[in-house]
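> sequence and computational prediction follow.
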Amino acid sequence: MRISYLVCYDIADEKRLRKVFKAMRNYGNHLQFSVFECQLTPMDLARCRNELSEIIHHEEDQVLFVNLGPVEGRGDRVIAALGKPYTAVDAPCIVV
């Protein structure tokens, strides 16, 4: 079963950023800057996480995997981080 994921990354080094971008092109559709939408089997997800884990610097970089649920429908969203831990931001949005 394929699951839809939103994969977002923040990479501190330009060389690693290019490597992550090139790797992600093999797994999904580039949406904007550092955001991809991917439809992955559990094996694809494991391969993607492993490949990215070998590229990123775990103390400086962050890759987020947002589970959007089964490709056929929507499920619960779960956010898991690789590298720096994910922290939800509960700050108000101010538009100037």
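Ah, there it is.

> hey, C-alpha coordinates of stretch 13-27 in PDB?
This file holds the C-alpha atoms of stretch 13-27, laid out as PDB (Å, rounded to 0.1, in the frame of the first residue of the first chain):
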ATOM      1  CA  ASP A  13      25.200  23.400   3.600                       C
ATOM      2  CA  GLU A  14      24.600  24.100  -0.100                       C
ATOM      3  CA  LYS A  15      26.500  21.000  -1.200                       C
ATOM      4  CA  ARG A  16      24.400  18.800   1.000                       C
ATOM      5  CA  LEU A  17      21.300  20.700  -0.100                       C
ATOM      6  CA  ARG A  18      22.000  19.800  -3.800                       C
ATOM      7  CA  LYS A  19      22.600  16.200  -2.900                       C
ATOM      8  CA  VAL A  20      19.300  16.000  -1.000                       C
ATOM      9  CA  PHE A  21      17.400  17.600  -3.800                       C
ATOM     10  CA  LYS A  22      18.900  15.100  -6.400                       C
ATOM     11  CA  ALA A  23      18.000  12.200  -4.100                       C
ATOM     12  CA  MET A  24      14.400  13.400  -3.600                       C
ATOM     13  CA  ARG A  25      13.800  13.700  -7.300                       C
ATOM     14  CA  ASN A  26      13.900   9.800  -7.300                       C
ATOM     15  CA  TYR A  27      11.100   9.600  -4.800                       C
END
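
> how far off centre is it?
Taking C-alpha atoms, centre = their mean, to the nearest Å, one finds stretch 13-27 lying 11 Å from the centre of the chain it belongs to.

> numbering from 22 from now on, please.
That works, and once the first residue is 22, the last one we named lands at stretch 34-48.

> what residues does it touch?
Residues outside stretch 34-48 that contact it (C-beta atoms under 8 Å, 6 or more residues apart in numbering) are 28, 30, 32, 51, 55, 57, 59, 61, 65, 69, 72-73, 76-78, 81-82, 84. No exception for glycine: its C-beta is placed from N, CA and C like everyone else's.

> try 7 Å this time
With contact meaning C-beta atoms under 7 Å, 6 or more residues apart in numbering, stretch 34-48 is reached by 28, 30, 32, 57, 59, 61, 65, 69, 72-73, 76-78, 82.

> ok, which stretches of this protein are strands?
24-31, 49-53, 56-61, 83-91, 99-104 (DSSP state E).
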